[in-house]
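Q: kindly generate the corresponding structure for this input.
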Amino acid sequence: PPMSQVSVVGGGIIGLTSALALQDAGFDVTLLADRPGLESVSGVAGALWHPFRCAPPALVSRQAALTRAWYNQLAQEHPSAGVDILDLYELRDTEETPWWSADTPDLRPMHSGFPGGDALIAWHVKAPRAEPGLLIPWLESLLIRPIVRRKVLSFQSVPGDLVVNCTGLGARSLLHDPDLQAIFGHVVVVEPGDIDPGVSISRSWPDDSVFYSIPRRSEVVLGGCVEPCSDDRPLIPSPATRDAILLRARQAGLRPGRVIREACGLRPFRTSIRVQREGRVIHNYGHGGAGYTLCWGSALDVVRLALSHATDPGDTPALVT
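A: This next block holds a predicted model:
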């Protein structure tokens, strides 16, 4: 493309990958964020590749597969980016295939011999896991232009031939999008104790409660909590939730070390991820609990929408599915 000037608004994992994919495609990109990178909810995430609290299935499945391939390459070629490949076991009490599995042919059911406690079945897959504290600064270092720290109150005021909206939950006040729902998350970060650093366990129950264990290089993230809430819910960890998470870990046969810290964040859930173009604005938000899982696939869709304009100014593609 010509060196179109693009402003990406939002500095979490979705904004960062969108900016880098556009930069790779030849655009002149500036990232604007009031809370860049590790200050955003992306700094709190477990950052395991695992589609969670996001929709619709066909779009999620395709974006997740593209993102997984990108992570696999990073893990191989750039160890300092903080991506490692784990054995993920998703435990279930019903036989149904995971809803996100269409583009993951190596996902396999196991009926015995899996970690994580009693369940009817476990689905196993090799899943990349990022460490936000390593990946986010590594991605930021690839940006050609420095990040502009700025709170955007309207897209009209943002310069550029194109503006990419990666504001996550912020899109509700910017666009008055009633379809966004904040979902409160709470994680407990522990010393590894006896937890296998190469194994991640995920478990959900019919009442919507969940448990997951996500090992990092020197700590383990335990969760979780999935509570729809208001956008202004204070990010204060509840001791009761912490105790429930640690109890679930023990019930799953894990023996974590001492608690290092706790963290909370609000996931930007939408009944459908919004990857859509409106005039010079390209929307890319609503990834729920799967920002790290979908980021590169979503960024490639943004590039496609940005390029489609260059060939046909009258074309305004809707959701990319």
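
Q: for this structure, what are the low-confidence residue spans?
A: Scanning the chain for pLDDT under 70 picks out 1-3, 309-321.

Q: ok, Asp196 to Ile214 distance?
A: Distance, Asp196 to Ile214, by CB to CB, to the nearest Å: 12 Å. C-beta: built from backbone N, CA, C; applies to glycine.

Q: out of those two, which sits in the busier spot?
A: Set Asp196 next to Ile214 and count neighbours by other CB atoms under 10 Å: Ile214 wins out with 27 against 15.

Q: wait, the more buried one touches Arg129, no?
A: Yes. Under the criterion of CB atoms under 8 Å, Ile214 makes contact with Arg129 at 6.0 Å.

Q: joint contacts of these two?
A: With contacts defined as CB atoms under 8 Å, 6 or more residues apart in numbering, the residues shared by Ile214 and Arg129 are 46-48, 86, 200.

Q: between the residues you listed, which sits nearest Leu266?
A: Each of the shared contacts of Ile214 and Arg129 was checked against Leu266 using CB to CB; the closest is Gly46, at 14.6 Å.

Q: am I right that that closest one is in a strand?
A: No. Going by DSSP: H, G, I helix; E, B strand; the rest coil, the assignment for Gly46 is coil, not a strand.

Q: that one contacts Val187, correct?
A: Yes. In terms of CB under 8 Å, Gly46 counts as a neighbour of Val187; the distance is 6.3 Å.

Q: partner strands of the longest strand anywhere in the chain, with direction?
A: Scanning the chain for the longest strand, with DSSP state E as the assignment, gives strand 259-278. In the sheet, strand 259-278 lines up against strand 180-190 (antiparallel), strand 281-287 (antiparallel) (DSSP bridges).

Q: which strands and helices sit next to the helix or strand following the longest one?
A: In other words, strand 180-190. Toward the C-terminal end, the helix or strand that comes next after strand 180-190 (DSSP states H and E) is strand 199-204. Helices and strands touching strand 199-204, by 3 or more CB pairs under 8 Å, 6 or more residues apart in numbering; DSSP states H and E, are strand 83-92, strand 210-215.

Q: now these as JSON lines including distance to Gly26?
A: Formatted as JSON lines, the entries for the helices and strands packed on strand 199-204 read as follows, by distance: least, CB to CB, whole Å:
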{"stretch": "strand 83-92", "distance to Gly26": "26"}
{"stretch": "strand 210-215", "distance to Gly26": "36"}
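
Q: out of these, which gets nearest to Phe269?
A: Distance to Phe269, taken as CB to CB, is lowest for strand 210-215 among the helices and strands packed on strand 199-204, at 13.8 Å.

Q: could you point out which element follows the closest one?
A: From strand 210-215 onward toward the C-terminus, using DSSP H and E, the following helix or strand is strand 220-223.

Q: which helices and strands sit right next to that next one?
A: On a contact count with 3+ CB pairs under 8 Å, 6+ apart, strand 220-223 meets strand 180-190, strand 210-215, helix 239-251.

Q: and with 6 Å instead?
A: Here strand 220-223 is seen to pack against strand 180-190, strand 210-215 when contacts are counted using 3 or more CB pairs under 6 Å, 6 or more residues apart in numbering; DSSP states H and E.

Q: dump the ones you listed to TSV, plus distance to Ala25.
A: Written out in TSV, the entries for the helices and strands packed on strand 220-223 read as follows (distance: least, CB to CB, whole Å):
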stretch	distance to Ala25
strand 180-190	28
strand 210-215	32
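
Q: return the most buried member of those.
A: strand 210-215 (a mean of 24; mean count of other CB atoms under 10 Å).

Q: partners of that one in the sheet?
A: Neighbouring strands of strand 210-215 in its sheet, by DSSP bridges, are strand 199-204 (antiparallel), strand 220-223 (antiparallel).

Q: and Pro109, how many neighbours?
A: 15.

Q: adjust the sequence numbering to begin at 9 for everything that follows.
A: Okay, residue one is now 9; in that scheme the one you just asked about reads as Pro117.

Q: over to it. Which of the three states is it?
A: When the rule is three-state DSSP, Pro117 gets the label strand.

Q: look up how far Thr75 lies from it.
A: For Pro117, the distance to Thr75 (CB to CB) stands at 23 Å.

Q: cool, and Gly296?
A: Shown here: Gly296 relative to Thr75, a distance of 14 Å by CB to CB.

Q: try Val311
A: Separation of Val311 from Thr75 (CB to CB): 14 Å.

Q: more crowded one of those two?
A: Per other CB under 10 Å, whichever of Val311 and Thr75 has more neighbours is Thr75, with 25 against 20.

Q: buried set for the helix or strand harbouring that one?
A: When elements are assigned from DSSP H and E, Thr75 belongs to helix 65-85. Residues 67-76, 78-79, 82-83 are the ones in helix 65-85 that count as buried (16 or more other CB atoms under 10 Å).
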